[in-house]
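# Whatever this is, show me its structure:
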Amino acid sequence: MEQDLPIAAKSLPELENKCLGYLFMKLEGVPVQAEQSGSFNPEQKAAGSEQIKLYLTLQFNEQRELLSQGYIKFGLKGGAIRIKLKNGTIALESSQLGSSVQLYVPDRKKPQENSQNQRDPKIPLVKSRTDIPANLDTKKTAAITEKFQSIVCQVTTQGSDENPTWVLEVERGEPVLKGFLKNALLGTMNVREKPCFLEATFHVSARDVCITEVEGLWSSNISKKRSVAIERALVRCFLKRKFQPYLSRVELRYD
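The predicted model follows:
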């Protein structure tokens with residue numbers, strides 16, 4: 001028998017993650033009434049008073065790209081989450097991302113056996129609503145980590161309530177963003193009328209892409225100036241070929 005699910009949960013979000021090796025992004029909308037009561041009754045909604053909480057999941061990784069004579073490894077130093085809304089608004093002050101968030105990276109140096117159904121209390125998972133890819137899952141039957149390293153991601157909010165933007169940057173001293181953020185409250189969307197549409201896209205520029213490793217592509221005797229020029233050309237090539245017009249996209253519709 002079908003359960004009485006929130007309207008926003010009946011229609012799954014449309015996800016497009018073009019380069020999972022670099023970034024996975026997911027955004028889930030949960031009606032405030034459903035979250036507070038555990039069920040959802042459309043008759044209880046007052047016109048113009050509907051609110052949807054938006055929970056964000058991110059995972060950042062480095063990725064090797066094989067070339068003819070070797071490989072090059074890229075990572076992301078930052079990026080921007082841009083929101084476009086139709087018939088809705090998001091108050092920037094409703095976001096719980098703050099000025100920074102921590103991305104958690106499993107430290108797999110200390111395996112432990114029979115760890116199924118265990119959760120490390122040090123992991124600040126905001127919610128447990130959304131399943132994430134297997135390589136993000138912290139519940140393993142074997143070789144699960146006991147400890148998590150963390151990388152700080154600086155966050156700046158920009159834009160308007162109709163088109164807000166969250167700019168992410170790696171903390172100074174770290175080469176690239178790595179790790180995951182699970183179900184953080186991005187913000188609360190106020191539904192003005194229905195249908196209400198939301199499109200979230202993750203964008204990167206050339207300054208956000210960082211080469212972290214190169215193997216077999218050019219001689220070690222090449223000058224620093226020459227190697228920097230080649231690396232910049234490679235970044236521009238991959239940026240145009242793989243990362244444009246966006247890296248990830250999520251679309252939500254609320255009827």
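# what about the spatially most distant residue from the centre of the chain, which helix or strand?
Farthest-out residue of the chain from its mean C-alpha position, per C-alpha atoms, centre = their mean: Asn221, at 39.1 Å. Counting by DSSP states H and E, there is no helix or strand that carries Asn221.
# Give me the neighbour count for the closest residue to Leu185 other than its chain neighbours.
Closest residue in space to Leu185, ignoring its immediate chain neighbours: Gln96 at 4.1 Å, by C-beta to C-beta, 6 or more residues apart in numbering. C-beta: built from backbone N, CA, C; applies to glycine. Counted with other C-beta atoms under 10 Å, the neighbours of Gln96 add up to 13.
# what about Ile83, helix or strand, and which?
Taking DSSP H and E as the criterion, Ile83 maps to strand 78-86.
# oh, I was asking about Gly187
strand 179-191.
# Flag every buried residue along the following helix or strand past that strand.
Next helix or strand after strand 179-191 toward the C-terminus (DSSP H and E): strand 196-203. Buried positions in strand 196-203, judged by neighbour count with 16 or more other C-beta atoms under 10 Å: 196, 198-203.
# what ranges of this structure fall below the confidence cut-off?
1-12, 34-49, 108-147 (pLDDT under 70).
# Do a quick rundown of the helices in the chain.
Ranges of helices in the chain, per DSSP state H, are 7-10, 32-37, 224-242.
# Out of those, which is the most enclosed?
Comparing these by mean neighbour count (mean count of other C-beta atoms under 10 Å), helix 7-10 ranks first with a mean of 17.
# Break down this protein into its strands, ranges please.
Per DSSP state E, the chain carries strands over the ranges 14-17, 23-31, 51-60, 63-67, 70-76, 78-86, 88-90, 100-107, 147-159, 164-170, 179-191, 196-203, 209-215, 248-254.
# Partner strands of the shortest one and their direction?
So the one you mean is strand 88-90. strand 179-191 (antiparallel) (DSSP bridges).
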